[in-house]
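>>> fold the following, please.
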Amino acid sequence: HLRWFAQRGHPVTGVDRSAEALASAGAFGQTVLADIENGPWPFAGQAFDAVVVTNYLWRARLPDIIQAVAPGGLLLYETFAQGNESVGKPSRPDFLLAPGELLRACDGLRVVAYEDGFLDSPERFVQRIAAVRAAPNPGETPPRYPLQTQG
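Numbering: from 1, shown residues only. Model (predicted):
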C-alpha cells in the first residue's frame with residue numbers, strides 16, 4: 001500500500017517492527033522501525049491526511065490509530081473478522097473482529113463506507129471501513145467525499 005500511494009505522488013510513512021520489511025519500503029517514503037504492540041506509539045501528537053491499515057488488529061492501538069487521522073483526513077482499515085477461523089488463518093479470536101467492532105471503534109469519525117462479510121478469493125471474513133474526520137471549518141457547503149467506481 002505504501003508503494004501504491006507513493007507512486008501516485010502522496011508522501012507516505014510506513015511502520016513495522018521488522019527492519020527487513022522496511023528495507024524495501026524505504027525507497028518509497030519515510031519508514032519507522034517500531035514494535036507498536038510492545039513499545040510506545042511512535043506517532044504520538046502526529047496526525048496524517050490518510051491512515052491505511054490492512055490485515056492487522058491490535059485492539060489496544062485502535063484508539064491511537066483513529067486519533068492519528070487528521071481533521072479532514074481519511075481512515076481506510078480492513079482486517080479479518082469472526083468466521084475466518086472456519087476458512088483459515090488467522091483463527092485466534094484475538095485477531096478477529098467481532099460483528100460491528102470496527103464500526104464502533106470509529107465512533108467520532110464519519111463513516112462513508114463499511115462492510116462486514118465474506119470474500120471468496122481468497123476465502124476470508126473481513127470488516128472494512130472508510131471514514132473521515134470532519135475538517136475544523138468545512139465552510140458553507142457540505143464536504144464532498146467523491147465516490148468512484150473502478151472501471
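>>> buried ones in the helix or strand of the chain with the lowest mean pLDDT?
Per-element confidence for the chain was summarised using mean pLDDT, DSSP states H and E. The lowest value among helices and strands belongs to helix 19-25, with a mean of 88. Of the residues in helix 19-25, those scored as buried under the neighbour-count criterion (16 or more other CB atoms under 10 Å) are 22, 25. Every residue, glycine included, has its C-beta placed from N, CA and C.
>>> then stretch 103-122?
103, 105-106, 109, 116.
>>> residues in contact with that stretch?
Contact partners of stretch 103-122, identified using CB atoms under 8 Å, 6 or more residues apart in numbering, comprise 62-63, 66, 69, 75, 77, 81, 83, 88, 99-100, 102, 124-134, 145, 147.
>>> filter the residues you listed down to the buried ones and hand me the ChimeraX line.
Buried residues among these (16+ other CB under 10 Å), as a ChimeraX selection:
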select :62,66,69,75,77,81,83,102,124,125,126,127,128,129,130,131,132,133
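>>> thinking again about what came up before, from the buried residues of stretch 103-122, which two are the most distant?
For the buried residues of stretch 103-122, the farthest-apart pair by CB to CB is Leu109 and Asp116; their separation is 16.5 Å.
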